[in-house]
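J.: model the structure of this input:
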Amino acid sequence: MNYFPQLPVRQYADIRSEVKSGDILLCSGNYMFSKLIRKATNSCWSHVACVLRLDAVDRVMVLESIEGKGVRMTPLSEYVTNFEGTGRSYDGRLALARHSEFGQKATTDGLRQMAQFAIDRLACPYDEEEIGRITARIVASFLGFDRREIQRDQEYICSEYVYECFWILGIEVPYDKRGFIAPADFVRDERVELLWEMTGK
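T.: Here you go, the predicted model:
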């Protein structure tokens with residue numbers, strides 16, 4: 001899907017109470033790095049993150065790994081009001097999606113394990129080398145080589161981090177056949193339903 005899908009457009013303030021832990025934030029960014037990811041994966045999606053509700057403190061948080069900073073947790077509201085402290089919304093389009101198996105897998109115990117895994121990895125570095133490996137796999141696929149090796153470590157690109165969070169619950173999002181996981185692969189999973197395009201106004 002190399003075009004942004006037609007989705008109901010909802011303001012974040014209106015859907016905040018409907019957003020659930022495990023919901024998937026998908027971004028179609030206009031930043032330079034975002035455009036490179038979109039082009040390399042032939043999709044409109046440049047970033048993926050996972051939502052975690054912290055109702056005890058009335059917060060809806062985003063768990064993500066971003067270039068230059070690594071794994072972090074930030075309020076979902078900042079994507080539509082004050083992204084990266086700019087006083088503006090995220091430069092691009094945002095969508096929320098939901099995996100059909102998350103609700104049944106995310107028992108109290110399962111959700112706690114996933115949250116512990118996700119939070120324990122805060123500040124883990126962004127996997128700059130994986131970007132190079134993905135580029136090599138894409139080039140290799142054009143040349144007819146099949147490279148499917150998957151390497152796991154304590155460094156994450158955005159899609160690896162969300163993949164690992166879901167994997168803790170026993171939910172496996174299919175990797176690209178070229179041996180990497182990208183934001184677009186979450187949308188390609190038939191068990192993932194796109195819900196809304198999210199805006200701040």
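
J.: which non-adjacent residue is nearest residue 92?
T.: residue 29 (3.8 Å; Cβ to Cβ, 6 or more residues apart in numbering). In short, each C-beta sits where N, CA and C put it, glycine included.

J.: residues in contact with that neighbour?
T.: 35, 38, 46-47, 90-92 (Cβ atoms under 8 Å, 6 or more residues apart in numbering).

J.: ok, the one helix or strand residue 28 maps to: who's next to it in the sheet?
T.: Using DSSP states H and E, the element containing residue 28 is strand 24-29. In the sheet, strand 24-29 lines up against strand 47-54 (antiparallel), strand 92-99 (antiparallel) (DSSP bridges).

J.: need the contact list for the residue positioned nearest the centre of the chain.
T.: Geometric centre of the chain, nearest residue: residue 48, 1.7 Å, by Cα atoms, centre = their mean. Residue 48 sits next to 24-27, 64, 158-159, 162, 183, 186 when contact means Cβ under 8 Å, 6+ apart.

J.: again, but for residue 63
T.: Per Cβ under 8 Å, 6+ apart, neighbours of residue 63: 49-52, 71-73, 118-119, 161-162, 165.

J.: rewinding a little: write a PyMOL command that selects only the buried members of the contacts of residue 29.
T.: Buried members of these, defined by 16 or more other Cβ atoms under 10 Å, are picked up in PyMOL with:
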select buried, resi 38+46+47+90+92
